[in-house]
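> Prediction below, plus the sequence it came from.
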Amino acid sequence: MKRFPKVMGVVLTAAMLLAGCGGAKKEAAPPAGNTTTPAPTTQAKAWAPEKPVTMIVPYSAGGSTDVLARVVEKVWSKYVNQPLTVVNKPGASGWEGRDSVAKAKADGYTMFMGYGSGEDLIAPQLRTATFDPIKDFTPISLLSAHSVLFVVPAESPYKSMQELMAAAKTKPINAALSGVGNLMDISVRALAKAAGAEITGVPFAGGGPATTAMVGNQVDIGPGHPSELMPHVKGGRLRILATATPERDPSLPDVPTLKELGINFTNPGSLKGVAMPKGTPAEIVKFYEDTFKKISEDPDFKKGMADAFQPVIYKNSAEFGTLIKSTFDNYTQMIKDLNITVK
Amino acid sequence: MESLQGLIDGFGIALGANNLLFAFLGALLGTAIGVLPGLGPAGTISLLLPVVYQMGSSTTTVIFLAGIYYGSMYGGSTTSILLNLPGEAASVITTLDGYQMAQKGRAGAALSIAAIGSFIAGTIGVIGLTFIAPPLAEFALDFGPPEYFSLTLVGLVLAVFLSGSSVSKGLLTLALGMILASVGLDPITGKLRFTFASVGLQSGFDFTTLAMGIFGLGEIFYNLEQTDAMGTVTAKIGRLFPTASDWVQSRWAILRGSVMGFVVGVLPGGGGVLGSLASYAVEQKLSKHPEEFGKGAIAGVAGPESANNAASTASFIPLLTLGIPSNSSIAMIFAALLIQGVTPGPFLIVEHPEVFWGVTASMYIGNVMLLILNLPLVGLWVQLLKVPFNILGPVVVLLTVIGVYSTSNDIFQVFVLIFFGVIGYLMRKFRFEPGPLPMAFVLAPMIENSVRQSLLMSRGSLNIFIDRPISATLLGVFAIMVLTQVFKAIRSRKR
Amino acid sequence: MKKHDRIAAVLLIVLGLAAAYYAYADLKLGTLRHPDSGFMPFLASLVVVATAATWLWSLRGPDPEPRPFWEKGAWVKPLLAVTFLIIYAATLEPLGYLPATFIFLGLWQFLVERVNWRRAALVTVLGTAGMYLLFVQLLGVYVPESIFGF
């Protein structure tokens, strides 16, 4: 957690002013949103932060959760008077960042992005964790959900999920995973069970390297989030076979769901919500709940999210809390059904 | 000649007042954070992201952030040469001969050759980016887990070359580095290894902490024992610029280093270190005086430093042509582009030619700026050596402590730093060359992940390593290197 | 020197064997099909044992130049330096950056380097101020604050 270097800030601001006066080159620039005056002052007595707020991203920079946090950061200053500091804490596959929030003070200055991602609900059910995924956090709001798509490399002989599942009975099939004991791992196990064959999950160090392995035709199939895969689908290097969402994705109307293909596995995706430590006072929860509602309706935020291939799905604290609980129970059931154990 | 036309258009964009200014600011900031140990480009870019969103132009954003990234590579060699303090893996190799040169009063020559080599390598890298980026990126995609395994195996053998005379001691250091690298959460099974119920050890050791402890602190503890004289001048200063003979010894090293660094640097996932390692080993083999390596050979600074810089330029190729970020700094730039509505990938060059060519052209300019910025600084840096050891020593200690504390915000890591300082001291006492240890530390996770991934892919069959042509070739190189070593050992025994 | 080298080599062999056992028994080696967490640490530990044994073998025979590990009194300064550094790390958070750094530099100047007191005092004050200004004020690096609030 570094404070923003004062001198660097001063130099940059000066440079930008200078550049602005000097008649900058005109390019396809997005509409500048920084002219809006911050924070309406309707409720003068309500809680509001008085120092910079830290948002911990328990994954590495450039991943889909990080990008989401960065889009929030981009519009944050329109609604909150204090700056937002995004801190990446990718250690111990997302546990370290979550652990630090679970143990932080419930004073409204520490939050994390990515509550409900999957492994935070799954992994503590498989081995002892240093935090309780439900009891140690206060859900603030849901901002997005990243669904699971199954893709094959463009060179792959398999044109449909059925072809691939039939092939799995006679040939070894490998799937690239972003890690062990996460949503991707469970999705592939469910697929293998439905196919009645073995599909070997090959874990990589995160979504980025796993996507690279799919793009490079190193594996037969891979599950991934749209934000990671769509640039390559657009680029013609990956082909989508199916989505794990219960209904077809409106942005991908031609992609069948697993359910339609007769595979009994549906998942709303990796939930991307914001949470704070347990025991956060109600007025603080209210403040952030409202802030994130405004952010989710901001046109710049919506555009940034669309550019990053992420849907905007807002839920308030209570709704999000219910969703987290039901998702948690759903995973408990799946772990039992798929007989997953980690030594 | 499409590339040439693109480049000309790119210069039109990069030479705009705004872009020129931000290329310069990026280079300046990059040099500054490169020099200060503990502050890296990834952390700095992350801090600056909220500011750059307001810039409005994605081209300017990338020009600025890229400037910070490759600028930090220029600055990175400074503390390695002057204070034996490497800030990142590739600079460890620079300490071997760079610090020795400084001890002999040739710090100026070492710093200058590092800057000149970085300039030439950076420029060769951008030329490669201009003309052969797409086919090279295709080649990088052919690297799957088996290829990474074989490549890293070659890297480990090269790391033994850093150990000087004793191969068995080098191997011992290498193996210790691999054990240290496995401390923490196993990324594949999620099991805790060697943590002994300590929460602080769960995320493993941090590379900078390890390198600053073993090199920086270890050297200071060792020096305390050596010098009895109070306030002696640490080293002579000598002339600032390389002599004609320095240049003759370095020029081919720079060119070879640039090419090797560039080719290996295209691979996503830490190609930079391997390029520098390969360059050091090759220069040692080709040198007429291989015994001078490790004692202050200028080619041992010029080659790896060039490889390092060429690799940093090459790491933009997977980003700009495939949309694949190859390290954490590049991943940050990837995020910045994505948020501004530019999707990095194969269509970037068609859909946003202004970004691709503007950034490429700005790198030519940025490299010239960095050379002009860094050469006069050499005179300033060498003055550091006039500072007596009783002041310089504790200040270096303070630098390492604040560097470690500020990156982790965890006092436990400072104790880890002290622990590695003691290890570094003991290694010097027992005449172990510490170089292979940080190399093994960096390469071990790569080799472990890739071997496990490969075996999962092949259902446990080792044939996967020899059935694939690139992997088989690399294994052949590995076998030749090992056999020549064994042959040499037998021959020297007979004598 | 050989005596100390032999002790170090034996210690490394013991350490390597312990690590190999831990990797084998606790982490598990797995199979070629599914290599487990202990796979690489086990191989690395075996290399430690083998190379340390080679080193020990190379040390056989009488010592040509028996020398003490530390020349007379040479161990004092490194030991003091490590001790002060540990004190520094332990006081950094409770006392805050500025006071802890001041104490550390003072101890180092007066007891490790033992320069004359005027010079030592000057270095202590200027060094502390310089570090604080450069990192905390200029670069905005986060450090623990002292009770005085800076």
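Nice, I can see it.
> Which parts of chain B are strands?
B:184-185, B:192-193 (DSSP state E).
> Would the last one count as contacting chain C?
Yes: against chain C, strand B:192-193 shows contacts by C-beta under 8 Å from any C-beta of the partner chain at residue B:193. Where C-beta positions appear, they are placed from N, C-alpha and C, glycine not excepted.
> List the contacts of that strand.
B:182-186, B:202, C:27, C:37, C:41 (C-beta atoms under 8 Å, 6 or more residues apart in numbering or on different chains).
> Just the pLDDT for the closest residue to chain C within the stretch 51-200 of chain A.
Closest contact between the stretch 51-200 of chain A and chain C, by C-beta to the nearest C-beta, is at residue A:200 (9.3 Å). pLDDT recorded at residue A:200 is 90.
> same check, this time on residue A:224
On the pLDDT scale, residue A:224 gets 91.
> Smallest distance to chain B belongs to which residue of chain A?
residue A:62 (2.8 Å).
> near chain A, which residues of the stretch 301-450 of chain B show up?
So far as C-beta under 8 Å from any C-beta goes, the stretch 301-450 of chain B lies against chain A at B:322-325, B:328, B:330-332, B:334-336, B:338-341, B:343-347, B:354, B:406, B:409, B:449.
> before we move on, what SS does residue A:111 have?
Going by DSSP: H, G, I helix; E, B strand; the rest coil, the secondary structure assigned to residue A:111 is strand.
> Show the contacting residues for the residue of chain A closest to chain B.
Counted by C-beta under 8 Å, 6+ apart, residue A:62 has contacts A:208, B:325, B:328, B:330-332, B:334-335.
> what's around residue B:180, how many residues?
Number of residues near residue B:180 (other C-beta atoms under 10 Å in any protein chain shown) recorded here: 21.
> list the contacts for whatever residue of chain B ends up closest to chain A?
At 2.8 Å from chain A, residue B:331 is the closest residue in chain B, using C-beta to the nearest C-beta. Residue B:331 makes contact with A:60-63, A:66, A:208, B:325, according to C-beta under 8 Å, 6+ apart.
> What of residue A:88?
By C-beta under 8 Å, 6+ apart, the neighbours of residue A:88 are A:56-57, A:59-61, A:66, A:97, B:46.
> Quick check on these: which are buried?
Among the contacts of residue A:88, those classed as buried by 16 or more other C-beta atoms under 10 Å in any protein chain shown are A:56-57, A:59-61, A:66, A:97, B:46.
> Max pairwise distance over the contacts of residue A:62: which two?
A:208 and B:332 (12.3 Å; C-beta to C-beta).
> Those two: who's more crowded?
Taking other C-beta under 10 Å, residue A:208 and residue B:332 do not tie; residue B:332 has more neighbours (28 against 23).
> contacting residues around that one?
Here residue B:332 is in contact with A:61-62, B:42, B:45-46, B:49, B:65 (C-beta under 8 Å, 6+ apart).
> In space, what's closest to it - neighbours in sequence excluded?
Excluding its sequence neighbours, the residue lying closest to residue B:332 (C-beta to C-beta, 6 or more residues apart in numbering or on different chains) is residue B:45, at 4.4 Å.
> okay, now that neighbour: neighbour count?
Count around residue B:45 with other C-beta under 10 Å applied: 29.
> Wait, it touches residue B:325, no?
No: using C-beta atoms under 8 Å, residue B:45 is not in contact with residue B:325, being 11.8 Å away.
> Overlap in contacts, those two.
With C-beta under 8 Å, 6+ apart as the test, residue B:45 and residue B:325 both reach residue B:333.
> If you average pLDDT per helix and strand, which one of chain A comes out bottom?
helix A:6-21 (a mean of 50; mean pLDDT, DSSP states H and E).
> Give me the pLDDT value at residue 342.
You didn't pick a chain, so chain A it is. 62.
> nope, chain B please
pLDDT, residue B:342: 82.
> quick one on the thing from earlier: okay, the contacts of residue B:331 in TSV with pLDDT next?
Formatted as TSV, these follow (pLDDT from 0 to 100):
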residue	pLDDT
A:60	73
A:61	72
A:62	71
A:63	76
A:66	85
A:208	79
B:325	80
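> and the residues you listed, which of them are in strands?
Checked against DSSP E, the contacts of residue B:331 include nothing in strands.
> rewinding a little: just give the number of residues close to the residue of the stretch 51-200 of chain A closest to chain C.
Neighbours of residue A:200 (other C-beta under 10 Å): 19.
> swap in residue C:64?
7.
> Could you do residue A:122 as well?
Count around residue A:122 with other C-beta under 10 Å applied: 23.
> hang on, it packs against residue A:180?
No: using C-beta under 8 Å, residue A:122 makes no contact with residue A:180, being 10.0 Å away.
> Longest helix in chain B, please.
helix B:107-141 (DSSP state H).
> Residue for residue, what is the longest strand chain A has?
Per DSSP E, chain A has its longest strand at strand A:137-146.
> Map the structural domains onto the sequence of chain A.
A:50-146+A:269-338, A:149-243 (automatic domain parsing).
> And the ones you listed, which one averages the lowest pLDDT?
domain A:50-146+A:269-338 (a mean of 84).
> Okay, now the unreliable bits of chain C?
Applying pLDDT under 70 to chain C flags the ranges C:1, C:139-142, C:146-150.
> Tell me which residue of it lies closest to chain B.
For chain C, C-beta to the nearest C-beta, closest residue to chain B: residue C:33, 3.3 Å.
> Let me see the contact set for the closest residue to that residue other than its chain neighbours.
In this structure, residue C:33 finds its nearest non-sequential neighbour in residue B:460, 3.3 Å apart by C-beta to C-beta, 6+ apart. Listed by C-beta under 8 Å, 6+ apart, the contact partners of residue B:460 are C:31-34.
> of all these, which two lie farthest apart?
Most distant of those, by C-beta to C-beta, are C:32 and C:34, 8.1 Å apart.
> hey, what's in contact with both of the two?
B:455, B:460.
> before we move on, the earlier item: next, format the contacts of residue B:331 as CSV and append distance to residue B:94.
Formatted as CSV, the contacts of residue B:331 follow (distance: C-beta to C-beta, whole Å):
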residue, distance to residue B:94
A:60, 27
A:61, 26
A:62, 28
A:63, 31
A:66, 31
A:208, 29
B:325, 25
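> picking that back up, so how far is the helix or strand that the least confident helix or strand of chain A is followed by off the chain centroid?
On the C-terminal side of helix A:6-21, the closest following helix or strand by DSSP states H and E is strand A:53-57. Once both centres are worked out by C-alpha atoms, centre = their mean, to the nearest Å, strand A:53-57 turns out to sit 15 Å from its chain's centre.
> Does anything pack onto strand A:53-57? Which helices or strands?
For strand A:53-57, the elements it packs on are helix A:64-76, strand A:84-88, helix A:95-102, strand A:110-115, judged by 3 or more C-beta pairs under 8 Å, 6 or more residues apart in numbering or on different chains; DSSP states H and E.
> Now do the longest one against strand A:110-115, angle only.
Our comparison of helix A:64-76 with strand A:110-115, counting by axes from the mean of the first three to the mean of the last three C-alpha atoms, to 10 degrees, yields an angle of 130 degrees.
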